[in-house]
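S.K.: Give me coordinates for this.
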Amino acid sequence: MTDLERAKRILKEEDKSLVIVKNGRIIFCSESSGIKGILEAIEKLGERLSGASAADRIVGKAAALLLAYSQIVKVYAITLSRSGLYTLRKNSIPVEYDYLVPEILDKNKKDICPFEKFTSDIESPSLAFVKLKAYMENLQKSKKT
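M.R.: The predicted structure follows:
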C-alpha cells in the first residue's frame, strides 16, 4: 500500500479531516476544519513533511498552496476546487480527487470560503504560508475578544 493509499483509507475510515503519511507511517492526523490542520502540521513537523503524501477532505487554493509549501509529493482530496487543482498541478504535485468543484464555499454555503478569497491573488507557496499564518492568528485573536 502506498503512502497516499494509506492516508486516503485512514481519512475515510477514521473520519479525519487531514492525514499525512510518510514512509508508511502516519506522521500527522487532524480533525480540524479548514486550513487549520495543515498549518498545525507545518508548525509541528516543518521540513519533515517533505516527501509525504496527504489526504484531505477539502482542498482549495489556500490548502493547495500550503501543501506545496510543505513539499508534499502526492495529494488526495474528497472535494477539490479548480483553483486548488491548478495550484497543485502548477507545483508538480500529483492529485487524486472524488469531486471537482468551481470553488470552495464557506460553512454557510452562501459565499466563497474566506481563505479562497484571501489567496486569490497569491501564487507563491512561501508567501501564502506567511500570510495565511498571520491571517489565521488574527482570526483567532478576534474570536477571543
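S.K.: what's near enough to touch Glu123?
M.R.: Residues near Glu123 by Cβ atoms under 8 Å, 6 or more residues apart in numbering: Lys90. For the C-beta atoms, the positions are set from N, CA and C on the backbone; glycine is no exception.
S.K.: For it, which three-state class applies?
M.R.: coil (DSSP: H, G, I helix; E, B strand; the rest coil).
S.K.: can you list the residues that contact the helix or strand hosting Leu67?
M.R.: Assigned by DSSP states H and E, Leu67 belongs to helix 61-69. Outside helix 61-69, the residues that touch it by Cβ under 8 Å, 6+ apart are 35, 38-39, 42, 54, 56, 59, 75, 81, 83-88, 91, 93, 113, 115-116, 118-120, 122, 124-126, 128-129, 132.
S.K.: Mind listing what's buried along it?
M.R.: Across helix 61-69, burial judged by 16 or more other Cβ atoms under 10 Å covers Lys61, Ala62, Ala63, Ala64, Leu65, Leu66, Leu67, Ala68, Tyr69.
S.K.: Tell me which of the contacts of helix 61-69 fall in helices.
M.R.: In helices, judged by DSSP state H, the following of the contacts of helix 61-69 are found: 38-39, 42, 83-88, 115-116, 118, 125-126, 128-129, 132.
S.K.: Can you convert the buried residues of helix 61-69 into CSV and add a column each for distance to Lys109 and pLDDT?
M.R.: Formatted as CSV, the buried residues of helix 61-69 follow (distance: Cβ to Cβ, whole Å; pLDDT from 0 to 100):
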residue, distance to Lys109, pLDDT
Lys61, 18, 97
Ala62, 17, 96
Ala63, 18, 97
Ala64, 21, 97
Leu65, 23, 98
Leu66, 23, 97
Leu67, 24, 98
Ala68, 27, 98
Tyr69, 28, 98
